[in-house]
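In: The sequence and its predicted three-dimensional model are supplied below.
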Amino acid sequence: MKKLSFINKIIYILNSLFATFLLLSYFLPFVSPKAMAGFAILSLLVPILISINIVFVLYWLINLKKQLLLSTIILVMGWFFTPPFYKLTENTSSLNDDLKVMTYNVRMFNHWKWIDDETIPKKINAFVEEKTPDILLFQEYYSLEKQQFSYPYKYIKTKNENAKIGLAIYSKFPIINKGSLELENTSNNIIFADIVKKKDTIRIYNLHLQSLQLRPDQENFGEADSERLIARLKDGFKKQALQTEVFLAHEKGWKGKKIVAGDFNNTSYSWVYNQISKDKKDAFIEAGKGFGKTFNYWFPMRIDFILTDENAMINRFNSFSEKNSDHFPILAKINW
């Protein structure tokens, strides 16, 4: 530190600050937002913290300074103990009887014209027909948009009889049981359907956890609005924690094959993801490549997931770049 120039000393102080934040983020999966809601906000920033620390490593490497060790050590720790930020390899195997599962937050099929394109509903329909998933999960399904998806079985659940927004499960296989967890004090929900594929009964959960209402193109980060934003995020994280507990309690009643998918509205570095993904396989981690980005944000944010029980094989995972919503669809090929 003594041999550093004044500028480099300032840079190293900033480096130490961001490295400390990244190190603290490694504890996020073990701290419930009900206890420390403010700390949970850090889960949204982990990809940024990783990127910034990589830049510091490159800076010190170019300048041949041993200060590169600080961020390097913390990044290496994260490589071994946290979900991957970027996947270098992928699984491209395939079996004829793979179950193709897609989850897609369709943002009400653009009913309120957030995207200046009248053909968005048709584009979503054409995309689904092209990919032909066996199981199709929608979040923010809007019943007033008369979408025609060619599936013999479906379960569509709005929050109540008067609501038009909800969740949907479409299936090529018979649905023999279905239900809703009826989350309280929110417009979000969790539904499930038991499908029969040959001799197997597979439970499909479709999750849409509490929305954080992130609007990067609209937020004014002045002092007053920042306080409101933080307050809203804290409240959202607390609700997500409660909803996760409701899901986990319900999930205990099912011991068979299962798929848990949907929009978690949180990242893989969060307590919510850690709790839901226990004893499960993450399709992106098992078979994906790249960032696995699922939310149309200015940095790679993965908040939509496809998880399976530990006995499943994930033969393929794809995240797509179709900008028909503020989310991107993801698809996995699964077998047992």
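Out: Thanks, I have the structure now. Nothing here was measured: the structure is a model prediction, and the numbers come from that model. Numbering: from 1, shown residues only.
In: what about the helices in the stretch 1-150 of the chain?
Out: Using DSSP state H, counting those that start in this stretch, the helices of the stretch 1-150 of the chain run over residues 6-25, 37-40, 46-62, 68-81, 120-131.
In: Ile191: which of those is closest?
Out: Closest to Ile191 of the helices of the stretch 1-150 of the chain, according to Cβ to Cβ: helix 120-131, at 18.7 Å. For the C-beta atoms, the positions are set from N, CA and C on the backbone; glycine is no exception.
In: So what touches that closest one?
Out: Contact with helix 120-131 is made by 100, 102, 104, 106, 109-110, 117, 136, 145, 147-150, 320, 322, 324-325, 329, 331, as judged by Cβ atoms under 8 Å, 6 or more residues apart in numbering.
In: average pLDDT for it?
Out: Mean pLDDT, taken over the full extent of helix 120-131, equals 95.
In: and what of stretch 53-68?
Out: If you average the per-residue pLDDT over stretch 53-68, you get 95.
In: List every C-alpha atom in it, with coordinates, as PDB.
Out: As requested, the backbone C-alpha atoms of stretch 53-68 are provided in PDB (Å, rounded to 0.1, in the frame of the first residue of the first chain):
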ATOM      1  CA  ASN A  53     -14.200  -7.100  -9.000                       C
ATOM      2  CA  ILE A  54     -13.100  -8.700 -12.300                       C
ATOM      3  CA  VAL A  55     -12.300  -5.200 -13.600                       C
ATOM      4  CA  PHE A  56     -10.200  -4.500 -10.500                       C
ATOM      5  CA  VAL A  57      -8.300  -7.800 -11.000                       C
ATOM      6  CA  LEU A  58      -7.600  -6.900 -14.600                       C
ATOM      7  CA  TYR A  59      -6.500  -3.400 -13.600                       C
ATOM      8  CA  TRP A  60      -4.000  -4.600 -11.000                       C
ATOM      9  CA  LEU A  61      -2.800  -7.400 -13.400                       C
ATOM     10  CA  ILE A  62      -2.100  -4.900 -16.200                       C
ATOM     11  CA  ASN A  63      -0.100  -2.800 -13.700                       C
ATOM     12  CA  LEU A  64       1.600  -5.800 -12.200                       C
ATOM     13  CA  LYS A  65       0.500  -5.100  -8.700                       C
ATOM     14  CA  LYS A  66       0.000  -7.700  -6.000                       C
ATOM     15  CA  GLN A  67      -3.200  -5.900  -5.000                       C
ATOM     16  CA  LEU A  68      -4.900  -8.200  -7.600                       C
END
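In: mind listing what's buried in it?
Out: Neighbour-count burial for stretch 53-68, counted by 16 or more other Cβ atoms under 10 Å, picks out Asn53, Phe56, Val57, Tyr59, Trp60, Gln67, Leu68.
In: The fourth one against Ile11, yeah?
Out: Yes - in this structure, Tyr59 is within contact of Ile11 by Cβ atoms under 8 Å, at 7.0 Å.
In: Show me the strands in the stretch 51-200 of the chain, by range?
Out: Using DSSP state E, counting those that start in this stretch, the strands found in the stretch 51-200 of the chain span residues 99-105, 135-142, 153-158, 165-171, 175-180, 189-197, 200-208.
In: Closest to the centroid, which residue in this protein?
Out: Nearest residue to the geometric centre of the chain (Cα atoms, centre = their mean): Ile303, 1.8 Å.
In: quick check: longest helix of the protein.
Out: helix 223-251 (DSSP state H).
In: how far does the helix or strand just after that helix sit from the chain's center?
Out: Read in the C-terminal direction, the helix or strand following helix 223-251 is strand 257-263, with elements assigned using DSSP states H and E. The chain centroid and the centroid of strand 257-263 are separated by 12 Å under Cα atoms, centre = their mean, to the nearest Å.
In: export strand 257-263 as PDB, just CAs?
Out: The C-alpha trace of strand 257-263 is given here as PDB (Å, rounded to 0.1, in the frame of the first residue of the first chain):
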ATOM      1  CA  LYS A 257     -41.000 -36.700  -9.400                       C
ATOM      2  CA  LYS A 258     -41.300 -33.000  -9.700                       C
ATOM      3  CA  ILE A 259     -40.500 -29.800 -11.500                       C
ATOM      4  CA  VAL A 260     -40.400 -26.400  -9.800                       C
ATOM      5  CA  ALA A 261     -40.300 -23.500 -12.300                       C
ATOM      6  CA  GLY A 262     -41.400 -19.900 -12.800                       C
ATOM      7  CA  ASP A 263     -40.500 -16.400 -12.000                       C
END
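In: next structured bit after that strand?
Out: Secondary structure here is assigned by DSSP H and E; on that basis, the next helix or strand after strand 257-263 toward the C-terminus is helix 271-277.
In: average pLDDT for that following helix?
Out: 98.
In: Check which element follows that helix along the chain.
Out: Remark: after helix 271-277, the chain's next helix or strand is strand 280-282, criterion DSSP H and E.
In: And that next one, what does it pack against?
Out: Secondary structure elements in contact with strand 280-282, counted by 3 or more Cβ pairs under 8 Å, 6 or more residues apart in numbering; DSSP states H and E, are strand 304-309.
In: mind running it again at 10 Å?
Out: Using 3 or more Cβ pairs under 10 Å, 6 or more residues apart in numbering; DSSP states H and E, the elements in contact with strand 280-282 are strand 257-263, strand 304-309, strand 313-319, strand 330-335.
In: Show me what the third one pairs with in its sheet, parallel or antiparallel.
Out: Same thing as strand 313-319. In the sheet, strand 313-319 lines up against strand 330-335 (antiparallel) (DSSP bridges).
In: Good, wrapping up.
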